[in-house]
Every structure is written in C-alpha cells, then in structure tokens.
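Q: give me a 3D structure for the following:
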Amino acid sequence: MRQLRAWWARRTLQFRTSAVATLVALVGLGVLAHISVGLIGWLLIESVDTELRSKVDTTARQVASGAAPNRLAGGEIRILDTAGAPVDGLSPPELTSWEVSALKSGEGLLDTSSYGVDQGLYRWVGIVVPDPVGSPRLVLGAAHLVGHGDALRTAGRALTLGPILAAGAVGIATWLVVRRSLRPVERMRLAAMSLPEGHRLPVSDADDELRALAVALNEMLARRDGDTEWLRRFTGDAAHELRNPVASIRAQAEVAVVHPDPELAHETLQDIAAEARRLSDLVDGLLALARAESGSQPQHQPIELVSAVRAAADRANLRGAGPRVRVTAPTGTVVILAGEAEVGRVLDNLITNALRYARALVRVSLLPAAESVRLVVDDDGPGIPAAHRSLVFDRFHRVQPDRARGTGGSGLGLALVAEAVRGRGGSVQATESPEGGARIEIRWPLPGPLRPAPRQQ
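A: The predicted structure follows:
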C-alpha cells in the first residue's frame with residue numbers, strides 16, 4: 001500500500017485527475033447499468049402480468065357464473081381448488097404449497113421447476129373466486145417468458161460495454177480538458193524561469209485562480225528582489241569596510257619585513273594588533289547585523305532593564321579614564337521581552353557610541369510609561385547634524401567619513417541598535433540633547449502582544 005501511494009504521488013496532476021474521473025464514471029455508470037438491467041426485467045414481467053391478469057379476470061368471471069372448469073382450462077389457464085388440486089381435469093401443476101399460497105394472495109410467481117432454466121421461465125398469476133355453490137376456486141394464468149433470459153443477457157452485455165466506453169471517453173475528455181487548463185500554468189512557469197530581475201509576471205484581468213497565483217508569485221518575486229538588493233548592498237558595504245583594515249595590516253606587515261628594525265617592528269606589531277582588533281570587531285558587527293536584519297532573533301524572555309542598564313554603565317566605567325557614565329533610573333523594576341545578549345549589545349553600543357564623542361558626560365535615563373519604556377542616552381559632544389539624524393542608523397553611515405584611520409567606529413553600532421529594537425516592536429530616533437550633544441532615544445514595548453516592525457531594507 002505504501003508503494004502504491006508513493007507511485008500515485010509521483011504521477012502528474014493531469015494523470016491523477018483523469019484517472020479519478022475515469023474511475024468515478026466507470027463505477028457510477030456500472031451501478032446505473034445494473035439498475036437498468038433490473039428495470040428492464042421488471043418491465044418485461046410487468047407487461048406479461050398485465051396481459052395474464054386480463055385473461056385471468058375474464059376466466060374468473062366465467063367460473064363465478066357457473067361455467068364448467070374443464071371447458072375453460074387449457075393453454076395458459078388452469079383452475080384449482082385452494083389446496084392446489086386441479087378441478088379442471090388436467091394434470092396437477094408442479095407448484096409447492098408456498099407457491100400456491102403466494103398465488104392465492106395475489107402475488108405473481110416465476111417458476112423454473114417444471115421446465116428448466118434452459119427452456120425459459122414461466123410466469124404465474126392467480127385469483128381466488130367462488131363458484132356458484134360457494135366453493136373457492138383458484139384461477140391461474142401462466143405464460144412462457146420466451147427470450148426473457150436472452151433479452152436480459154443482451155441488455156446486460158450492452159449496458160456493461162457502454163459504461164466502459166463512456167468511462168474511457170470521460171477519461172480522454174478529462175485528460176484533454178486538464179491539459180488545456182494547465183497550459184496557462186505552464187506558460188507562467190516558463191515565464192517565471194526566464195524572468196529578469198525587477199520584472200513581474202503578467203496578471204490577467206479575470207478574477208480567477210491564475211490571477212491569484214500570479215499576484216502571489218509577483219509578491220514573492222518582489223521579496224526576492226528586495227533580499228537580493230539587500231544582500232548586494234550588504235556585501236558591497238562589507239567588502240568596502242573590510243578593505244581598509246586588511247590593506248593596512250598588509251602594508252604594515254610588508255614594512256616590517258622590509259625594515260627589520262626591532263623598535264619599528266614592535267611599533268608595527270602594535271599597529272597591526274590594533275587593526276586586527278578593529279577588523280575582528282567589524283566582522284563581529286557584520287555577523288550580528290546580518291542576523292538582526294534576517295529576522296533570526298533569539299527567543300524573547302523577561303529582561304529586567306534597570307539592572308541591565310546599570311551593569312552596562314559599570315562595564316563602561318571600568319574601562320579607564322574618560323567621560324563617566326551616569327544612570328538615572330526608577331527604584332523599581334522595569335521588565336521587557338527580549339534576548340539577554342541582545343539587550344546587552346544594544347546598551348553597550350549606545351554607551352560606547354556616546355563615550356566616543358562625549359567631552360565629559362554621558363547620561364543614561366530610563367523612563368517607563370504605560371505601554372512602553374524610553375531609554376535615553378545623552379552626551380555633551382558635538383552632536384549629530386540634523387541632516388544625518390535619520391541616516392545614523394543605516395549601516396556604515398558616518399557623520400565624518402574622512403576621519404583619520406583608527407578613530408571612531410565602524411558605522412555598525414547604531415545600525416545594530418536599530419535592528420534589534422525594531423525587531424522587538426520598538427522604535428529608535430536621534431535628536432539633540434539638552435547637554436548640547438547628541439541624544440539617542442529608543443522605546444521598548446512593555447510585555448504584551450508584540451507586533452515586530454517590518455525589516456528595514
């Protein structure tokens with residue numbers, strides 16, 4: 001059975017549809033043919049019964065009026081008493097007691113016992129009437145059903161062959177109709193295989209299944225083109241950003257090889273180590289950003305945000321000299337739904353970005369509200385020009401693209417922040433800080449039904 005199912009599953013839709021239609025037609029027409037043969041037999045017998053009852057009724061009236069039974073009997077008419085004994089002077093018919101009882105009740109009877117199946121059937125009908133002295137008499141009529149069996153066999157063969165031919169015709173018609181119906185689908189498949197990037201399948205005016213399929217395929221193609229464009233831009237940006245540290249490491253290594261001065265080699269190795277760290281951070285950032293933009297975020301869990309903010313500030317203050325990070329947060333707890341590593345990465349990137357440009361102060365404020373919590377990071381640095389505030393969350397965007405090598409970040413920190421927060425249904429924006437520098441404000445929804453924002457291409 002499993003092999004049969006596997007074989008059936010490998011067949012084409014055209015074959016399966018035609019096979020099912022043929023089988024249903026064959027079974028339905030076969031049942032109809034069987035019923036028709038039975039109906040033909042019943043009609044033949046009913047026509048014989050009508051003629052016999054007419055003769056029996058005529059004979060019964062004569063018996064009731066006193067006519068002698070021996071003068072009336074003969075051929076198709078017999079006259080018996082109610083026990084089945086003949087009163088017409090002829091030989092007794094070979095009828096059993098239950099057959100006599102059935103004839104007395106007015107039922108018709110098919111008899112093959114006397115003449116045999118090869119000689120055909122006899123049809124008996126009867127009626128009970130009293131003679132002039134009040135004795136009940138059973139008047140019988142019999143008819144030899146000549147050709148009845150041959151007629152039924154001929155009708156059976158004809159009605160058996162007919163459904164087979166009709167089912168075959170239904171199968172061929174279904175095959176042709178399905179094949180013609182699937183031609184637009186085949187044309188659509190061939191068009192989709194050779195469709196250039198940016199093009200879409202034609203959509204018919206008819207409001208049918210093919211139109212719905214074309215619309216769905218066009219939506220899929222739009223998503224494919226969007227993903228392809230995102231991947232192309234991401235790959236180009238990544239290659240561009242990786243080129244500088246790799247070229248720097250290679251150049252410094254070549255200098256160290258050409259000038260084997262111990263002091264110069266030590267200084268060169270320090271530069272190479274710094275560039276290697278920068279390259280490692282860039283690769284880690286690219287991987288994290290790729291995961292965030294692909295929507296493959298970890299399963300969310302309750303995260304206590306106040307302690308997470310204070311821990312991130314402590315990590316930043318332990319790094320050494322520089323601006324201090326101050327935290328303003330409520331005394332209670334604030335819980336959001338996110339990934340633990342994800343929240344830590346968001347806070348570290350926000351604080352690191354603020355420390356990079358701050359002069360003396362970085363302030364992190366946590367402001368819970370009814371449905372969301374605001375996380376505000378202020379610094380007293382040069383700030384973000386208004387023209388760049390909507391762009392700083394794009395990957396590799398820098399306010400000062402021509403800054404010296406080794407200063408600033410890779411342009412991925414705020415992009416990671418934006419993707420992580422938007423992926424949890426939050427929002428992020430850059431404004432001007434009251435401290436005179438930049439303010440980065442994000443909103444996380446508090447626990448409840450989350451509807452993540454669409455991925456930003």
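
Q: how many neighbouring residues does Trp98 have?
A: For Trp98, the count of nearby residues is 9 (other Cβ atoms under 10 Å). Using the backbone N, CA and C atoms, a C-beta is placed for each residue, glycine as well.

Q: buried residues, the helix or strand hosting it. List them.
A: Take DSSP states H and E as the rule and Trp98 turns out to sit in helix 97-104. By 16 or more other Cβ atoms under 10 Å, the buried positions in helix 97-104 come out as 99-100, 102-104.

Q: what pairs with the helix or strand following that helix, parallel or antiparallel?
A: Past helix 97-104, further along toward the C-terminus, the next helix or strand under DSSP H and E is strand 109-111. Taking DSSP bridges as the criterion, strand 109-111 pairs within the sheet with strand 121-130 (antiparallel).

Q: which residues sit against the strand it pairs with?
A: 45, 48-49, 52-53, 56-57, 60-61, 63-64, 82, 95, 99, 103-104, 106, 108-112, 114-115, 136-145, 148-149 (Cβ atoms under 8 Å, 6 or more residues apart in numbering).

Q: which of these count as buried?
A: 45, 48-49, 52-53, 56, 60, 63, 95, 99, 103-104, 108-109, 111, 137-143, 145, 148.

Q: which ones among these are found in strands?
A: 109, 111, 137-143, 145 (DSSP state E).

Q: include pLDDT and distance to Thr22 when you put these into a markdown table, please.
A: Shown next, in a markdown table, are these (pLDDT from 0 to 100; distance: Cβ to Cβ, whole Å):
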| residue | pLDDT | distance to Thr22 |
| --- | --- | --- |
| Leu109 | 82 | 43 |
| Asp111 | 72 | 43 |
| Arg137 | 89 | 59 |
| Leu138 | 88 | 54 |
| Val139 | 88 | 54 |
| Leu140 | 89 | 50 |
| Gly141 | 87 | 48 |
| Ala142 | 86 | 47 |
| Ala143 | 84 | 43 |
| Leu145 | 79 | 37 |
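
Q: show the pLDDT at the residue lying closest to His388 once chain neighbours are set aside.
A: The spatially closest residue to His388, leaving aside those adjacent along the chain, is Val399, at 5.1 Å (Cβ to Cβ, 6 or more residues apart in numbering). You'll see Val399 listed with a pLDDT of 70.

Q: isn't Val399 up against Pro385?
A: Yes - the criterion here is Cβ atoms under 8 Å, and Val399 meets it with Pro385 at 6.7 Å.

Q: okay, the two: which has more neighbours?
A: When neighbours are counted by other Cβ under 10 Å, Val399 comes out ahead of the other of Val399 and Pro385, with 18 against 12.

Q: what's near enough to touch the more buried one?
A: Applying Cβ under 8 Å, 6+ apart, the residues contacting Val399 are 384-385, 388, 392.

Q: which helix or which strand is home to it?
A: Applying DSSP H and E, one finds Val399 in no helix or strand.

Q: CA atoms only: put the host helix or strand of Asn70 into CSV for me.
A: Per DSSP H and E: Asn70 is located in helix 69-72. Extracted in CSV, the C-alpha atoms of helix 69-72 (Å, rounded to 0.1, in the frame of the first residue of the first chain):
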residue,chain,number,x,y,z
PRO,A,69,-63.8,-25.6,-15.3
ASN,A,70,-62.8,-28.3,-17.8
ARG,A,71,-64.2,-26.1,-20.7
LEU,A,72,-62.3,-23.1,-19.5
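
Q: show me what counts as buried in it.
A: So, applying 16+ other Cβ under 10 Å, buried residues of helix 69-72: 69, 72.

Q: what residues does that helix touch?
A: For helix 69-72, contacts defined as Cβ under 8 Å, 6+ apart pick out 59, 62-63, 79, 87-89, 137.

Q: now do 10 Å
A: 58-60, 62-63, 77-81, 86-90, 131, 137, 139 (Cβ atoms under 10 Å, 6 or more residues apart in numbering).

Q: check the offset of it from the chain's centre.
A: Mean C-alpha position of helix 69-72 versus that of the full chain (Cα atoms, centre = their mean, to the nearest Å) differs by 83 Å.

Q: try stretch 210-221
A: 15 Å.

Q: in it, which residues are buried?
A: In stretch 210-221, counting by 16+ other Cβ under 10 Å, buried: 210, 214, 217-218, 221.

Q: would you point out the most distant pair within those residues?
A: Greatest spatial distance in the buried residues of stretch 210-221: Leu210 and Leu221, 16.0 Å, computed using Cβ to Cβ.
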